[in-house]
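1. Need the 3D shape of this:
(chains A, B, C and D)
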2 protein chains.
Amino acid sequence: METGTSQREDHQQEAAARRRKELLEAADRVVLRDGPEASMNAIAAEAGITKPILYRHFGDKGGLYRALAVRHTDALLASLRNALDAPAPDRRGRVAATLDTYLAAIEARPQVYRFLMHPADQGQQQEQEQGFDVGHHSAPLLRRMGDELAKVIADRVELGPGGEEVARIWGHGIVGMMHAAGDWWLRERPCSRERLVHHLTDLLWGRLALVDDRIGAPGLF
Amino acid sequence: METGTSQREDHQQEAAARRRKELLEAADRVVLRDGPEASMNAIAAEAGITKPILYRHFGDKGGLYRALAVRHTDALLASLRNALDAPAPDRRGRVAATLDTYLAAIEARPQVYRFLMHPADQGQQQEQEQGFDVGHHSAPLLRRMGDELAKVIADRVELGPGGEEVARIWGHGIVGMMHAAGDWWLRERPCSRERLVHHLTDLLWGRLALVDDRIGAPGLF
DNA sequence: GCCTGCTGTTACCTACGGTAACAGCAGTCT
DNA sequence: AGACTGCTGTTACCGTAGGTAACAGCAGGC
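-> All right, here's what the predicted structure looks like:
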């Protein structure tokens, strides 16, 4: 019959999924320790096994890295959505809270951040039916955040005709602003997180348009 | 005496500099053809020599890549400064022109762009007295652009007390916005360059603060 | 003629990603 | 019971990449 077989298959799939999780956790530890250039050997050793098993589970290095990235990206996106939906007096408050959530996350775990943002360009092979569920879920973090924010903007703000296009542009632009400023801030720590959030929100709120030209400057910029 | 020796040294240095330039041009061709993961062997072959010479000139792969990046980055930054200084009716016009210059550049030579922006994280070794002039001139493009824009903002806009901090934050934020939006746009080509520039400038000009909430939305974002 | 400092070579090392080929051990089918 | 399947795990290997001796030749200054 089929039930016996499928029961067994279920058990095996379940076991495989558990194993996969264990492997991912081991990989996580290594990446956290060694940075994004952790080797497959090192990860296998940390997991207490040898390379071929890793390859059976994840196909290739890119597969493993994608799986890892998906986990972290999902977690970060969830907390961002949370901040975007949290109660706050006004839209500006919510935007500031979301920026702060992001910055707090990268501040708390810079190694993870480095791994997600600078994944050493792990090749652009197409789907190729590897059999894993990673698919296009693996779009790098920046693009995924941009897309998500675009959706939120298109949903919640009235932009008139062509608004969807504007929402996408703004989504990716804002995410990029947050990312670059965060990256720089994380390296140089030139000020507190609050001040950074405040000034970025100011920028987004159009203060650039409002400030005066410097006296003596040639009226430029 | 010393004059003879130093004359000779001058000649040698000069010859070395020429050679270096030739090698860089060869490397450039290979990178343009093969993308950022071009191998040292391939570059050496293109230059008509073998690996050790490359290593004598550039120390290691990172050194070569940095030297290449500096060339392209300098060129791009020069054209951006140009756009920022060009005559335009108002500040908004200048900002739009600068955005457009950047986007036109990455549109014209996406391979170079990919090489500069996703340089496969070529390690973070400190200076180490390698003897080359690369030094901290090699800060990745994004950070250099951010710093440059920060200078321009601080110079030309009156931001009041603490303005330098604000200028740096804005500089890196704006550059990040431009970069992420450009990266996304280059991949998806969802609209013309003009529209992208227009909407980004709008964003920078505070339209986000001005638009109404969508009717029916929970008043959020 | 000898030394110095470059250019260039061949030949090698190490480390990494990736892949057979094989052994063992469940549970299933006959 | 035994053959079969599908996993887990291994050792041992391959190709290629970055990087490094060690050595040969060739200019010019002493």
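2. Quick test: name the residue nearest the centre of chain A.
-> Centrality entry for chain A: nearest residue to the mean C-alpha point is A:Leu141, 3.4 Å, by CA atoms, centre = their mean.
3. so who does that one touch?
-> With contact set as CB atoms under 8 Å, 6 or more residues apart in numbering or on different chains, A:Leu141 has these partners: A:69, A:72-73, A:76, A:116-117. No exception for glycine: its C-beta is placed from N, CA and C like everyone else's.
4. Let's test this: name the helix or strand in chain A with the lowest mean pLDDT.
-> Taking mean pLDDT, DSSP states H and E as the measure, chain A has helix A:207-210 as its least confident helix or strand, at a mean of 71.
5. now, among the contacts of A:Leu141, which is nearest to A:Arg56?
-> Among the contacts of A:Leu141, A:Ala69 lies closest to A:Arg56 (CB to CB), at 19.9 Å.
6. Buried ones in the host helix or strand of A:Leu149, by neighbour count?
-> Element membership of A:Leu149 [criterion: DSSP states H and E] is helix A:141-156. Buried residues in helix A:141-156, defined by neighbour count with 16 or more other CB atoms under 10 Å in any protein chain shown: A:141-150, A:152-154, A:156.
7. List of residues touching stretch A:101-121?
-> The set of residues external to stretch A:101-121 that reach it, using CB under 8 Å, 6+ apart, is A:31-33, A:35-37, A:65, A:68-69, A:72-73, A:76, A:79-80, A:82-83, A:140-142, A:178-179, A:182-183, A:185-186, A:193, A:196-197, B:36-37, B:118, B:120-121.
8. 7 Å instead?
-> A:31-32, A:35-37, A:65, A:69, A:72-73, A:76, A:79-80, A:83, A:141, A:178, A:182, A:186, A:193, A:196-197, B:36, B:118, B:120-121 (CB atoms under 7 Å, 6 or more residues apart in numbering or on different chains).
9. among these, which ones are buried?
-> Among these, those classed as buried by 16+ other CB under 10 Å are A:31, A:36, A:65, A:69, A:72-73, A:76, A:80, A:83, A:141, A:178, A:182, A:196-197, B:36, B:120-121.
10. so what's the residue in chain A positioned nearest to chain B closest to, chain neighbours aside?
-> Of chain A, the residue with the smallest distance to chain B, taken as CB to the nearest CB, is A:Gly206 at 1.6 Å. Residue nearest to A:Gly206 in three dimensions, not counting chain neighbours: B:Gly206, with 1.6 Å by CB to CB, 6 or more residues apart in numbering or on different chains.
11. That neighbour: how many residues sit nearby?
-> Per other CB atoms under 10 Å in any protein chain shown, the neighbour tally for B:Gly206 reads 18.
12. Just read off the phi/psi values of it.
-> phi 90, psi 10 (degrees, to the nearest 10).
13. Hmm, it is touching A:Thr201, no?
-> No - in terms of CB atoms under 7 Å, B:Gly206 does not count as a neighbour of A:Thr201; the distance is 11.4 Å.
14. How is chain A partitioned into domains?
-> A:8-59, A:61-120+A:133-209 (automatic domain parsing).
15. Just name the most buried of those.
-> Highest mean neighbour count of the domains of chain A: domain A:61-120+A:133-209, a mean of 18 (counted as mean count of other CB atoms under 10 Å in any protein chain shown).
16. returning to that earlier point: pLDDT value on the residue nearest to the centre of chain A, please?
-> What the model reports as pLDDT for A:Leu141 is 85.
17. Same question for A:Gln126.
-> Per-residue confidence (pLDDT) for A:Gln126: 36.
18. Also the one 4 residues further on?
-> Confidence at A:Gln130, expressed as pLDDT, is 36.
19. A:Gly123 too?
-> Here the pLDDT value assigned to A:Gly123 is 41.
20. Which positions in chain A make contact with DNA strand D?
-> With the criterion set to CB under 7 Å from any atom of the strand, chain A comes near DNA strand D through A:9, A:12, A:15-16, A:19, A:48-53, A:56-57.
21. Low-confidence bits of chain A, can you list those?
-> Using pLDDT under 70 as the threshold, the predicted model of chain A has low-confidence ranges A:1-12, A:119-139, A:209-221.
22. now A:Arg91: how far from A:Arg207?
-> Between A:Arg91 and A:Arg207 the distance, using CB to CB, to the nearest Å, works out to 16 Å.
23. Check A:Ile53 too.
-> Plainly put, A:Ile53 is 55 Å away from A:Arg207 if you go by CB to CB.
24. How about A:Lys61?
-> According to CB to CB, A:Lys61 and A:Arg207 sit 45 Å apart.
25. Same question for A:Gly173.
-> Applying CB to CB to A:Gly173 and A:Arg207 gives a distance of 16 Å.
26. same thing with A:Ser79?
-> 27 Å.
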